Each structure stands twice: as structure tokens, then as C-alpha cells.
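> next come a sequence and a model predicted from it.
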Amino acid sequence: MRRTLFIILIIGLVGFGIFRWQRLNSLAHSGAPGGKKYTPAVGPRIAPEDVQVLTALDAEYTRLTAAVMPSVVSIATTRSVSRAPFLPPREEQSLGSGVIVSQEGHILTNHHVVVGVETIVVQLTDGRRLPAQLIGTDEVTDIAILKITAPDIVPLPLGDSDAVRVGQMVFAVGNPFGFQGSVTQGIVSGRDRRASEDSGVEFLQTDAAVNEGNSGGPLLNLRGEIIGINSRIFSRAQQTAWLGISFAIPSNVARRALESVLKTGRIVRGHLGVTTFGLTPEIARQLALPDTSGALVVDVLPGSPAALAGLQPRDFIRSYNGRPITDSYALRERVAETDLHTKVTLGILREGRELSLTAEIVEAPAPPK
């Protein structure tokens with residue numbers, strides 16, 4: 001009897017051991033609670049050598065981002081907002097972006113980011129928060145220049161926005177919704193865009209995502225050069241979110257504003273001395289003009305560069321230094337952004353004849369007080 005019980009015990013222990021071994025082995029290979037089977041993938045589906053171009057492009061994107069990021073700053077502003085007479089003013093805070101453009105600490109941003117504010121604080125990507133001085137601002141171009149004092153700052157170069165081509169790749173860097181150091185990528189969708197009918201700037205249009213807080217940040221080319229300062233988005237009534245169309249102030253406009261402020265302490269604009277307006281197809285037909293592209297001269301200021309060049313009322317300005325003029329706003333912008341004492345060539349139509357006149361651009365007179 002004892003022998004029989006001993007044999008049964010041995011058989012039971014052996015069976016339990018086999019069960020336990022199978023259980024542990026199953027769990028070890030399943031990798032999941034409860035013993036459910038789980039077999040992970042081994043390695044990527046595509047070898048790096050099979051996507052060499054994409055791998056190189058990915059590395060270049062990250063290298064470009066790392067190179068430019070220390071130059072892009074976030075801008076925090078405060079202003080007092082009046083309330084009812086019996087209540088104290090309320091402090092309003094806003095966020096924007098900017099980009100360092102000199103070793104001395106000059107920063108380009110938007111006029112609308114800093115207009116009417118009481119304090120401006122710039123935050124660098126390394127976490128430093130510094131007070132900023134507003135040294136110049138211009139509502140027409142929506143450009144403002146700030147200055148900070150700090151060691152070890154890294155400026156970015158201003159590129160040539162006249163050389164920008166539609167379709168080229170660009171990157172927008174900024175502080176959308178307070179997310180500092182955000183990067184978006186796209187292409188230049190168009191040039192010489194007017195965001196509003198009376199806009200003082202012909203913008204670069206891009207499909208790189210730009211949102212609230214991106215204003216004042218740089219639009220960059222593949223070399224890390226600033227080709228634009230992000231300024232606004234296209235939106236419909238009651239909408240403020242990005243709809244796929246963003247506008248940037250060309251870098252050449254920003255450069256002239258910066259240099260003007262540094263040299264003279266103010267924004268200096270060129271002056272031609274004409275009053276012009278654009279044409280409708282009906283008026284163009286009445287004047288026997290080939291189309292509506294250009295600016296019709298309606299008045300010439302005596303003694304102005306236009307008068308000295310020989311411009312007359314009813315002349316039709318078709319080009320400015322070889323660049324086509326689409327309408328009177330485009331002419332105004334070309335003149336305003338021209339360096340002082342530069343001689344420019346005006347292509348005009350006068351009574352059906354093509355003429356070429358030369359005018360020397362001077363500083364625009366101060367507006368009447």
C-alpha cells in the first residue's frame with residue numbers, strides 16, 4: 001500500500017513539474033499577461049540603404065533646424081487695458097516671435113506684436129529671459145526692431161527675397177500658441193501678394209503653417225537665411241486659425257527698415273512725387289491702353305523727382321527698373337523701398353508711345369501734422 005502511494009506521489013510531482021515548466025516557457029515567449037501570444041517585429045521593414053535620399057533629407061532637416069533654433073526668440077508683452085471707470089485697468093498679455101539678426105542683439109519682429117505695449121520680454125531657446133528695448137517700428141511695413149543685451153547670442157543672416165522662387169522649400173519657426181521653437185515646413189506659394197487692398201507690402205505667400213504667436217518669426221530657406229518675417233494669415237470672418245495660406249514680409253523690406261532705423265533713428269521711405277490710381281477694364285479701353293496693368297498718373301508734384309524726370313498727367317507707368325507694375329499700390333511700394341538717391345528707370349506709355357524716363361528717388365516728406 002505504501003509503495004502504491006509513493007508511486008502515485010512521484011507521478012503527481014512529475015506531472016506538476018511538467019505543467020509548471022510548460023507554463024513558464026509559455027509566459028517567457030508570449031511577452032504578455034495571461035500567456036497570450038505576442039511576437040514583435042524584428043528590425044525595420046525598409047533598410048536605410050534603400051531610402052538613402054529620404055534618410056539624407058531627414059538628416060538635413062534636423063541639422064538646419066538645430067542651426068537656426070538658437071536665433072529664434074519668443075516675445076511676451078504686457079499692456080494695460082482700460083475698463084469701466086470704477087474698475088482698475090486690466091493687464092493684458094500677448095505672445096509673439098522674433099529673430100536675432102545682429103551680434104549686438106537686434107531682433108526683427110512685427111509692429112503689431114509690440115505696438116502700444118508697456119513691457120517686452122524676450123525668451124531665448126536656452127531659457128534666458130531678457131528685457132527688450134523697442135528702437136524702431138513701422139505700421140506700414142509691419143516691421144519692428146528690438147534690442148537685447150546678452151552674451152553668446154547667435155544671429156541669422158538676411159537673405160535676398162528678390163531671388164525667392166515660387167515652389168522653393170521654406171521653413172517657418174516661431175512660438176505658436178506659446179509652443180516655443182515650433183517648426184513647420186512648406187513651399188513658397190506666390191510672390192507679390194497683397195493681403196489687403198491698401199497693404200503697404202507685397203508679401204511672400206507660403207503654405208507653411210503659421211498660427212497665433214508665429215507673428216514676427218522668420219521664414220527661412222534651405223541655407224538658414226531669413227527670406228521673410230511671418231506676419232499674417234489668410235482668414236475668413238470669425239476665423240483666426242490657419243487655413244493653408246500664410247504671408248511673410250520680404251526680407252529685403254525688413255532689411256531696409258532695420259538699416260533705416262539704425263542709420264537715422266526712423267523709417268525712411270523713397271519719394272517719386274506722383275498721384276496715381278489703378279484702372280478698370282472700361283477705363284483702359286477708353287484710354288486705348290492694352291490692359292489694366294500699371295499705374296495711371298493723375299498729378300505730378302512740382303519740383304519732385306517725377307517732375308524732373310518729365311512725367312506728365314495721363315502717363316501710364318508700366319514698369320519700374322525693369323520690373324512690371326501691376327497697379328498704383330505696387331508702384332508706391334517699389335518707390336518706398338528704393339534706397340535714397342537711386343536712379344530708377346520708368347517704362348511708360350504716353351499717347352500710345354513707349355517711353356523710358358529716369359528719376360532719382362529722394363526721401364519722402366514728413367506727413368503734415
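Yes, it's here. Numbers count the residues shown, from 1 in each chain.

> tell me which residue lies nearest the centroid of this structure.
What sits nearest the mean C-alpha location of the chain, by CA atoms, centre = their mean, is Asn230, with 2.4 Å.

> give me the neighbour count for Pro89.
A total of 10 residues lie near Pro89 under the criterion other CB atoms under 10 Å. For the C-beta atoms, the positions are set from N, CA and C on the backbone; glycine is no exception.

> also Ala209?
18.

> same deal with Ile120?
Neighbours of Ile120 using other CB under 10 Å come to 23.

> so what's the backbone phi/psi at the closest residue to it other than its chain neighbours?
The shortest distance from Ile120 to any non-neighbouring residue, by CB to CB, 6 or more residues apart in numbering, is to Ala132 (4.3 Å). Note on Ala132: backbone dihedrals following degrees, to the nearest 10 are phi -120, psi 140.

> now the helix or strand where Asn230 lies: mean pLDDT?
Applying DSSP states H and E as the criterion places Asn230 in strand 226-233. Mean pLDDT, strand 226-233: 91.

> after it, next one along is what?
Sequence-wise, the next helix or strand downstream of strand 226-233 (DSSP H and E) is strand 246-250.

> got the angle for that next one vs strand 226-233?
Relative orientation of strand 246-250 and strand 226-233, computed by axes from the mean of the first three to the mean of the last three CA atoms, to 10 degrees: 140 degrees.

> for strand 246-250, buried residues please.
Neighbour-count burial for strand 246-250, counted by 16 or more other CB atoms under 10 Å, picks out Ser246, Phe247, Ala248, Ile249, Pro250.

> which residues does the third one bridge with?
By that I understand Ala248. Leu204, Asn230 (DSSP bridges).

> OK, contacts around it?
Contact analysis of Ala248 by CB atoms under 8 Å, 6 or more residues apart in numbering lists Ala172, Phe203, Leu204, Thr206, Leu219, Ile227, Gly228, Ile229, Asn230, Ser231.

> the first one - nearest residue in space that isn't next to it in sequence?
This points to Ala172. Ala208 (4.1 Å).

> the strands in the stretch 101-250 of the chain, which residues?
106-110, 119-123, 129-131, 133-138, 143-147, 169-174, 182-193, 203-206, 218-220, 226-233, 246-250 (DSSP state E, counting those that start in this stretch).

> for the chain, name the helix or strand with the lowest mean pLDDT.
Lowest by mean pLDDT, DSSP states H and E among the helices and strands of the chain is helix 2-30, with a mean of 56.
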